[in-house]
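Participant: sequence and predicted model, in that order:
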Amino acid sequence: MRKKLEINENIMITCYPEHAHIFLIMDTDNHKSISWIFHNYLCLFYSRETGFDEFSVDFYSQYYPWHQTRLPNCPLIDYYRVPKFIVDEKYDDIVDFVIDSLDKNKFVMLYSARDYTPFHETFITGYDIEQQELDVWDFWPETNWKFCEKKVKFDWLRTNYKNVPKNLDDTRLKYLVLLEKNQEYKIGHRWGYETVLNFSIDDFIFIFENYIGKNNYLQSIANKDDGRWIGIQIYDLIIEGLKINISKNNFIPSHTFKVLVDHKSILKKAYISLSKELDASILKDLDDLLSEVKRLMNFILYCQIKSVFEEKLSQICTLLSDIKEKEIRVIENMLFEFKSTSINDY
């Protein structure tokens, strides 16, 4: 017997597991989901915990809960947390729990041990009893950390689920997560989903005036004292963070740069969706910007493989500075077009 839940073949965002899981299962072709995506994925923030060298770039919502996890709060996905101790008491075999859940059309996300980390997200979309295999989505080292599907044996999950260290004090490890598509769109939830049904030109203007520093509202919420900075200033902070971490020979994660690629892709989709008369020069600038961040991403992967970050730091910083300037110009051009459109509508 085989069961495989329906997924999206073209995943819009794959930089981090939390986002990849949403876009793997959410229907992204309808108006409601597109509106929610634009509200939540057009702004970026830089995060560095006080007292630590580690830094990251991630998406920042136009609305509360701002930078917090989106997976439990997506209105097109039903999210269930199941206490691990209950699963372990009821099921002698974790594979039986996975199969039961998939049979109820629920995706399964749990944590399992890996060679390179004590635990990692394991997202399961299907099973094949005859082949004793599960369909698992993750960032696999053998695919150069690309988010993709891999068939693993039942015993792989049994072993790696049990091998997660028992002494880790991490709340995430206390639960398994079940996810189910919700085509009805949850209304009236505490996160105020009803506010994000109709993404507009005015929303775009608000987000990107904050992004380039002409409005300080979102930055006033993302407290710099907590290590969070909004918008275009992230590029200078990435350069600063790279210099610090390379000087200390710390690992440089590629996810930070994959966020930039995903963001420029969403930015182009938003422009095409909102513009009443597509400007060819803006479209070309958006394509060039996306090409530049992809080139940066590939260069970062090359530096990881060859261990040449120190030698290539100057080139990386130049690429980041160039991308920043190009992004400012294209955003200002889009804002000019949309503000003219907004004025003419009144």
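Facilitator: Structure's in. What do you need?

Participant: now do the contacts for Cys74.
Facilitator: Contact criterion CB atoms under 8 Å, 6 or more residues apart in numbering gives 22, 26, 36 as the residues in contact with Cys74. No exception for glycine: its C-beta is placed from N, CA and C like everyone else's.

Participant: name the residues of the lengthiest helix in the chain that are buried.
Facilitator: Across the chain, the helix with the greatest residue count (assigned by DSSP state H) is helix 309-344. Residues of helix 309-344 classed as buried: 309, 312-313, 316-317, 319-320, 323-324, 326-327, 330-331, 333-335, 337-338 (neighbour count, 16 or more other CB atoms under 10 Å).

Participant: only alpha carbons, please: show the helix or strand containing Tyr235 as CSV.
Facilitator: Taking DSSP states H and E as the definition, one finds Tyr235 inside helix 234-247. The C-alpha atoms that make up helix 234-247 are tabulated as CSV, following Å, rounded to 0.1, in the frame of the first residue of the first chain:
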residue,chain,number,x,y,z
ILE,A,234,20.5,44.6,6.5
TYR,A,235,23.1,44.6,3.8
ASP,A,236,25.6,46.7,5.8
LEU,A,237,24.9,44.5,8.8
ILE,A,238,25.5,41.3,6.8
ILE,A,239,28.9,42.7,5.7
GLU,A,240,29.7,43.5,9.3
GLY,A,241,28.6,40.1,10.5
LEU,A,242,30.6,38.4,7.8
LYS,A,243,33.8,40.2,8.7
ILE,A,244,33.4,39.3,12.4
ASN,A,245,32.6,35.6,11.8
ILE,A,246,35.2,35.1,9.1
SER,A,247,37.9,36.7,11.3
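
Participant: that helix: how far from the chain's middle?
Facilitator: 21 Å (CA atoms, centre = their mean, to the nearest Å).

Participant: again, but for stretch 29-42
Facilitator: For stretch 29-42, the distance between its averaged C-alpha position and the chain's averaged C-alpha position is 14 Å (CA atoms, centre = their mean).

Participant: how about that stretch: buried residues?
Facilitator: So for stretch 29-42, counting by 16+ other CB under 10 Å, buried means 32-42.

Participant: before we move on, the earlier item: closest to Phe119 out of the contacts of Cys74?
Facilitator: Ranked by distance to Phe119 (CB to CB), the contacts of Cys74 are led by Ile22 at 20.5 Å.

Participant: surely Phe147 is in contact with Phe123?
Facilitator: No. Under the criterion of CB atoms under 8 Å, Phe147 is not in contact with Phe123, lying 9.3 Å apart.

Participant: got any residues that touch both of those two?
Facilitator: Common neighbours of Phe147 and Phe123 are listed as 17, 20, 137-138 (criterion: CB under 8 Å, 6+ apart).

Participant: where does pLDDT dip in the stretch 151-300 of the chain?
Facilitator: 185-196, 224-226 (pLDDT under 70).

Participant: would you list every one of the helices in it?
Facilitator: Using DSSP state H, counting those that start in this stretch, the helices of the stretch 151-300 of the chain run over residues 154-162, 201-211, 217-221, 234-247, 255-274, 280-306.
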